[in-house]
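K.L.:
Fold the stuff below for me.
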Amino acid sequence: MPPANAAPGSPAYSLGYRNTVLWLLVVAYTFNFIDRTIISTIGQAIKVDLELSDQQLGWLGGLSFALLYTTLGIPIARLAERKSRVNIIAIAIVVWSAFTALCGTATSFVQLLLYRVGVGVGEAGMSPPAHSLISDYFEPKKRASALSIYAFGIPLGTMFGAIAGGWIAQNVSWQAAFMLVGLPGIAVAIAIKLIIKEPPRGWSDKQVALETEPPAALGQEASEAGAPSEGPARTADPPPSIVAVAKRLFGSWGMFHMIAGITMASFAGYGTGQYVPPYFIREFGLDLATVGLLVGLVAGVANGAGTLLGGFLTDWASKRNTRWYALVPGIGLLVATPLYLFAFSRDVWQLAVPFWLLAGVLHYTYLGPTFGVVQNAMDVRMRATAVALLFFVLNLIALGFGPPFCGWCIDQFARAAFTAKGMAGDFLEVCKGGVAPAGSSAELSAACTTSMSEGTRMGLLSNLLIYGWAGVHYLLAAITLPKDMARARAAADAGDAAAAARAAG
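P.N.:
Modelled structure (predicted):
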């Protein structure tokens, strides 16, 4: 049913329609992550075929994608504060889907690198306008839950990308995997354009205000938020400056450590996630299809459950104390760290999986609470820009350098293991692509294989420790977060009220 009250000139959106919008965005975000992360599942096949080092593989999953993804996110977000967010998302999906398909035509490292840059260009247009749309459709007390549901696209995308990518690469080729997962995204773009309506800015906040204010008092405010009016169109106020948004986002102890926490957790997640599929192939000899199914199921079940749990648990607990926005992810990450270390130091993969799964549930509780805090702290005309700034910092550091750093660590540990076995030469030169050249001696073949597996395990274990670092940041945020959020919310309310007053004048 639509809301009982509505500000004059403001549209009414039923709960069913708003949930439809949310789940359409989840589908889009799922394809976003399929196209972003599939390279981790099929990376071993690419590494061997193109004779790459693990650090080069990391660049393909990291900075090549993140560079324009992060830098274009801010201007796209500024555009989303003024123009149709629905149109921006639809165009972005078409762009990244086309470049993902083109990755399947690459025949060299440089060519694949350039196509991955194109994928990043398209994906830059997804989350900032999507977070802004969700925040306009769902009121503050439901925002962490709604944003957690949206973030559910991360494990869904990782799951479907791993399962489909692994099976296609095993039975057809890694090139076909890129093409077959990329092109369906265009159908999603068409559905979003046809079904999702552009809501007035701040629509959900105005519905909450109706509970305490008469509808007539909110009529002009709704008009400023973007609701249709019968009078002549009014030129909208420009959104707050990027400097103002950055100050709100990073300018307090609690907010700074929330952002540091999500950045370091994502650094570890993107870095280790790139090499978990190769780890199971190198350490246990599993094939691409089996590894894709294994990674996909764990990502879908564990990480998906953690993402939803974090949002709903935080919305429930924060009614008693807003400190739980930081405590839920902090505790989750600190408990997940030793579980991950235990899982990836087992000699039998069947024993590793249950601990890996449990760690994933606890680890992924950090997304919804962090996104909820960011959105609740912003004016309605700051929200897309805030997400873009957050993603600029997060993805430039985490996505840009997490995978190549983890790959570099693996390369160094593999080099050390190769030397320790008394073998001559540099591992990266002798064992190109991680394997011995054709016709090599049994001793060299064994040394290349075992050095690669040992280096992969040690590289992963060293990078998994970063989750503990992230958890400490969240605990530090909890010290002042209630006070910081109250100040930010007061500033946001004052900014929205000032915008309404200028419109009324």
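K.L.:
Just want to check the distance between the residue in the chain sticking out farthest from the centre and E454.
P.N.:
Relative to the mean C-alpha coordinate of the chain, counting by Cα atoms, centre = their mean, the farthest residue is S441 (44.4 Å). As judged by Cβ to Cβ, to the nearest Å, S441 and E454 stand 19 Å apart. Yep, even glycine has a C-beta here, placed from its N, CA and C like the rest.
K.L.:
Then D49?
P.N.:
According to Cβ to Cβ, D49 and E454 sit 23 Å apart.
K.L.:
Which one of these two is surrounded by more residues?
P.N.:
E454 (20 against 14; other Cβ atoms under 10 Å).
K.L.:
how close does that one get to G254?
P.N.:
As judged by Cβ to Cβ, E454 and G254 stand 42 Å apart.
K.L.:
Other residues contacting stretch 374-382?
P.N.:
Residues from elsewhere that reach stretch 374-382, judged by Cβ atoms under 8 Å, 6 or more residues apart in numbering: 81, 131, 135-136, 140, 143, 147, 201-202, 205, 225, 237, 239-240, 244-245, 248-249, 255, 258, 383, 386-387, 390, 485, 488-489, 491-492, 495-496, 499.
K.L.:
Going through these, which ones are buried?
P.N.:
Those of the contacts of stretch 374-382 that meet the buried threshold are 81, 131, 135-136, 140, 143, 147, 201-202, 205, 225, 239-240, 244-245, 248-249, 255, 258, 383, 386-387, 390, 485, 488, 491-492, 495-496, 499, by 16 or more other Cβ atoms under 10 Å.
K.L.:
For the residue most central in space within the chain, list the residues it contacts.
P.N.:
Centroid-nearest residue in the chain, with Cα atoms, centre = their mean: I154, separated by 6.1 Å. For I154, the contacting residues are Y29, F33, N303, T307, Y364, L367, by Cβ under 8 Å, 6+ apart.
K.L.:
Report the two of the residues you listed separated the most.
P.N.:
Within the contacts of I154, Y29 and Y364 form the most distant pair, 14.4 Å apart (Cβ to Cβ).
K.L.:
Who has more neighbours out of these two?
P.N.:
Applying other Cβ under 10 Å to Y29 and Y364 shows that Y364 carries more neighbours, namely 30 against 24.
K.L.:
If you average pLDDT per helix and strand, which one of this structure comes out bottom?
P.N.:
helix 219-225 (a mean of 38; mean pLDDT, DSSP states H and E).
K.L.:
and A77, what is it in contact with?
P.N.:
P128, P129, A384, T385, V387, A388, L389.
K.L.:
Three-state assignment for Y279, please.
P.N.:
helix (DSSP: H, G, I helix; E, B strand; the rest coil).
K.L.:
for the chain, what's the longest helix?
P.N.:
Identified as the longest helix of the chain according to DSSP state H is helix 15-50.
K.L.:
Buried residues, that one. List them.
P.N.:
Neighbour counts using 16+ other Cβ under 10 Å place 18, 21-22, 24-47, 50 of helix 15-50 among the buried residues.
K.L.:
how far away is S132 from L464?
P.N.:
Applying Cβ to Cβ to S132 and L464 gives a distance of 34 Å.
K.L.:
Model confidence score at the residue nearest to the centre of the chain, please.
P.N.:
pLDDT recorded at I154 is 83.
K.L.:
List of residues touching stretch 157-174?
P.N.:
Counting by Cβ under 8 Å, 6+ apart, 29-38, 40-42, 45-46, 49, 104, 176-177, 180-181, 273, 277, 287-293, 295-297, 299-300, 303-304 sit against stretch 157-174.
K.L.:
still on that earlier bit, would you mind telling me which of S132 and L464 has the busier surroundings?
P.N.:
S132 (28 against 25).
K.L.:
The more buried one contacts R85, doesn't it?
P.N.:
Yes: with contacts counted by Cβ atoms under 8 Å, S132 reaches R85, the gap being 5.9 Å.
K.L.:
and the residue lying closest to V27 once chain neighbours are set aside, what is it in contact with?
P.N.:
Sequence neighbours aside, V188 is the residue nearest to V27 in space, at 5.8 Å (criterion: Cβ to Cβ, 6 or more residues apart in numbering). Contact analysis of V188 by Cβ under 8 Å, 6+ apart lists L24, V27, A28, F31, I93.
K.L.:
Excluding sequence neighbours, find me the nearest residue to the third one.
P.N.:
When the adjacent residues along the chain are set aside, A28 lies closest to V188, with 5.4 Å between them (Cβ to Cβ, 6+ apart).
K.L.:
angle of whichever strand or helix holds the one you found against helix 15-50?
P.N.:
V188 belongs to helix 185-195 when assigned by DSSP states H and E. Using axes from the mean of the first three to the mean of the last three Cα atoms, to 10 degrees, the direction of helix 185-195 lies 160 degrees away from that of helix 15-50.
K.L.:
got the buried residues for helix 185-195?
P.N.:
G185, V188, A189, I192, K193.
K.L.:
Can you tell me the SS state at Y13?
P.N.:
Here Y13 is recorded as coil under three-state DSSP.
K.L.:
I'd say it and P200 touch.
P.N.:
No: applying Cβ under 8 Å, one finds Y13 not in contact with P200, separated by 10.0 Å.
K.L.:
following the helix or strand I331 falls within, which helix or strand shows up next?
P.N.:
Using DSSP H and E, I331 maps to helix 324-343. Downstream of helix 324-343, the next assigned helix or strand under DSSP H and E is helix 349-363.
K.L.:
That following helix: which residues count as buried?
P.N.:
Buried positions in helix 349-363, judged by neighbour count with 16+ other Cβ under 10 Å: W349, A352, V353, F355, W356, L357, L358, A359, G360, V361, L362, H363.
K.L.:
who touches V435 in this structure?
P.N.:
Contacts for V435 (Cβ under 8 Å, 6+ apart) come out as V48, S445, C448, T449, M452.
K.L.:
what about 6 Å?
P.N.:
Contact analysis of V435 by Cβ atoms under 6 Å, 6 or more residues apart in numbering lists C448.
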